[in-house]
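> Pasting a predicted model and its sequence here:
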Amino acid sequence: MARHIHERSGRRGPFVAVNCGAISEQLADSELFGHEIGAFTGASRRREGWFEAANGGTLFLDEIGDLPLALQVKLLRVLQEREVVRLGSRKSTPVDIRLVAATNVDLGDAVAAGHFRLDLFYRLNIAQVRLPPLRERPGDILPLATHFLNVYSQRLKTRRPEFTDATRRALESYVWPGNIREVENVIHFALLVADKGEIRPEHLKLNSVAASSPHGQPSARLSPREQIAEATRALLADGGDNLFNELERIIVDEAFRHSRYNQVRSAQALGISRNVMRTLLKKHGHLGDKLDDDSFDSAEAA
């Protein structure tokens, strides 16, 4: 989608894609903004960063939510000033790019948890494109499968087989938790094991749990967040008093149990401060009023 936006933009510069989650935190500054000779140990030559490499074109930052906070500050400055400063340099270099960012996390939640800067979120969130999971656009499944069938038939230099009707039904009824990458892998594998010029259902390497899910968007098709949202909608439809307090209690109980009754790790797991976590633990009966603040942590360590 990012490449399509670039190709439709009319920009003559290159399309440069960077996976923020794959860059080490120590080298991310140099990777994005470049460095001069001697800027750090091992910097034996000048190097332009990804921003300069994409000058005149589009820079695609995938998994933007994984960018360290320190680099988020620098990214915000680059977007505001439209210039970069290489490591080890005092001279700024103007850049003209279109920035496209993608994430698989809710940046609003990341902001609330203190993992993503609010000012950068507002600077990035100018035009938002939501790409639904493949299960929400079943009309794309067979065209994608056919595309990868053509690609890998040519790559493997083999005669292109055909999908049987049963195979088409299996492809369309599957929920594709791995989305398009899973379609590609499934078709690639099917080409390796298929015979007699056709791909049958037994050639499809589908996840047995997801494949056996009935129609109708059941919880088995959903991510954990979506399952929680679905359960919450059901609880709201049923009605009842004090629902918020009950949901809060469940979250606190599970986080405390998951962290082996450690306050600090419970707070980190939920993205809140220890003081807030302690207040919630007392509210829901896990701590007594006179219990020392470190009682559970020291007991667990012992």
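Thanks, I have it.

> Quick one: find the helix or strand in this structure with the lowest mean pLDDT.
The least trusted helix or strand in the chain, going by mean pLDDT, DSSP states H and E, turns out to be helix 295-301, with a mean of 42.

> May I ask you to confirm that Glu31 is in contact with Glu48?
No - applying CB atoms under 8 Å, one finds Glu31 not in contact with Glu48, separated by 10.5 Å. The way it works is simple: take the backbone N, C-alpha and C, and place the C-beta from them, glycine included.

> Same drill for these two, tell me which one is more crowded.
Each of Glu31 and Glu48 has its neighbours counted (other CB atoms under 10 Å); Glu31 has more, 18 against 15.

> How many neighbouring residues does the nearest residue to the more buried one once chain neighbours are set aside have?
Nearest non-adjacent residue to Glu31, counting by CB to CB, 6 or more residues apart in numbering: Ile23, 5.2 Å away. Ile23: 20 surrounding residues under other CB under 10 Å.

> Leu124 versus Ile23, what's the distance?
Ile23 is 18 Å from Leu124, where distance means CB to CB, to the nearest Å.

> re the thing from before, what's the pLDDT at the residue nearest to Glu31?
Predicted confidence (pLDDT) for Ile23: 78.

> try Gln217
If you check Gln217, the pLDDT there is 45.

> and what of Val95?
91.

> check contacts around it.
Each residue near Val95 by CB atoms under 8 Å, 6 or more residues apart in numbering is listed here: 51-52, 54-55, 78, 82-84.

> among these, which ones are buried?
Among these, those classed as buried by 16 or more other CB atoms under 10 Å are 51-52, 54-55, 78, 84.

> Restricted to strands, list the residues you listed.
If you go by DSSP state E, the buried ones among the contacts of Val95 have Val84 in strands.

> so where's the stretch 51-200 of the chain uncertain?
When residues are selected by pLDDT under 70, none of them lie in the stretch 51-200 of the chain.

> ranges for the strands of it?
With DSSP state E, counting those that start in this stretch applied, the stretch 51-200 of the chain shows strands at 58-62, 83-85, 92-94, 98-101, 162-163, 198-199, listed in chain order.

> Would you mind pulling up the elements that the second one packs against?
Packed against strand 83-85, as judged by 3 or more CB pairs under 8 Å, 6 or more residues apart in numbering; DSSP states H and E, are the following elements: strand 92-94.

> Could you tell me which strands the strand it packs on is paired with, and in which direction each runs?
Within its sheet, strand 92-94 is paired with strand 83-85 (antiparallel), according to DSSP bridges.

> what about the nearest residue to Gly38 once chain neighbours are set aside, distance to Val105?
The shortest distance from Gly38 to any non-neighbouring residue, by CB to CB, 6+ apart, is to Gly88 (6.3 Å). Distance, Gly88 to Val105, using CB to CB: 33 Å.

> got the residue ranges for the helices in the stretch 51-200 of the chain?
Taking DSSP state H, counting those that start in this stretch as the criterion, the stretch 51-200 of the chain contains helices spanning 69-81, 107-112, 118-124, 141-156, 165-173, 179-193.

> Geometric centre of this structure: which residue is closest?
Closest residue to the average C-alpha location of the chain: Asn104 at 2.5 Å, with CA atoms, centre = their mean.

> Pull the contacting residues for it.
Counting by CB under 8 Å, 6+ apart, Asn104 touches 63, 65.
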